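Peer 1: What shape does this take:
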Amino acid sequence: QLRLVESGGGLVQPGGSLRLSCTRSGGTLNTYPIGWFRQAPGNEREEVSCISHTGEDTYYAASVKARFTISRDYGENTVSLQMNSLKPEDTGVYYCARVYYVQHGSCGTVPASESWGQGTQVTVSS
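Peer 2: So this is what the prediction gives:
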């Protein structure tokens with residue numbers, strides 16, 4: 001288990017921006033493909049965006065494409081999700097997790113051995 005920690009959530013008005021960060025204490029996440037997921041109240045957790053360990057391959061859900069950008073900072077041992085033009089439907093708890101792979105525009109599932117962190121709350125409301 002990587003035991004990742006999410007941060008950066010908050011309350012923002014529609015059209016606003018937030019930057020989420022995913023870090024790992026006690027080890028590197030630089031060699032793992034990582035995904036961002038979100039869960040809105042009453043809904044199942046859904047995949048939002050993923051990035052390969054090299055940073056060369058990325059995936060975005062159709063609902064966030066052109067608004068969200070996933071990136072890696074190897075020096076800071078982080079994976080970030082820049083979220084622009086936020087909409088009320090982006091509201092939810094956001095989680096990061098290791099995924100099996102990211103290639104050819106697709107994102108693998110989360111290994112069963114991985115556990116979910118506490119996530120970070122994103123609320124988009126006027």
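Peer 1: Work out which residue lies at the spatial centre of the chain.
Peer 2: Nearest to the mean C-alpha position of the chain, by Cα atoms, centre = their mean, lies W36 at 2.2 Å.
Peer 1: Export the strand or helix carrying that residue to CSV, keeping only CA atoms.
Peer 2: Using DSSP states H and E, W36 maps to strand 34-39. Extracted C-alpha coordinates of strand 34-39, given in CSV (Å, rounded to 0.1, in the frame of the first residue of the first chain):
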residue,chain,number,x,y,z
ILE,A,34,-1.5,7.5,-10.2
GLY,A,35,-5.2,8.4,-10.6
TRP,A,36,-7.6,10.9,-9.2
PHE,A,37,-11.1,9.8,-8.3
ARG,A,38,-14.1,11.6,-6.8
GLN,A,39,-17.3,10.6,-5.1
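Peer 1: in its sheet, what does it sit against?
Peer 2: Sheet pairing of strand 34-39 (DSSP bridges) gives strand 46-51 (antiparallel), strand 92-98 (antiparallel).
Peer 1: Can you show me the strands along this protein?
Peer 2: Taking DSSP state E, the strands of the chain run over residues 4-7, 10-12, 18-24, 34-39, 46-51, 58-60, 68-73, 78-83, 92-98, 102-103, 106-107, 120-124.
Peer 1: angle of the fifth one against strand 78-83?
Peer 2: It stands for strand 46-51. Between strand 46-51 and strand 78-83, the angle comes out at 120 degrees (axes from the mean of the first three to the mean of the last three Cα atoms, to 10 degrees).
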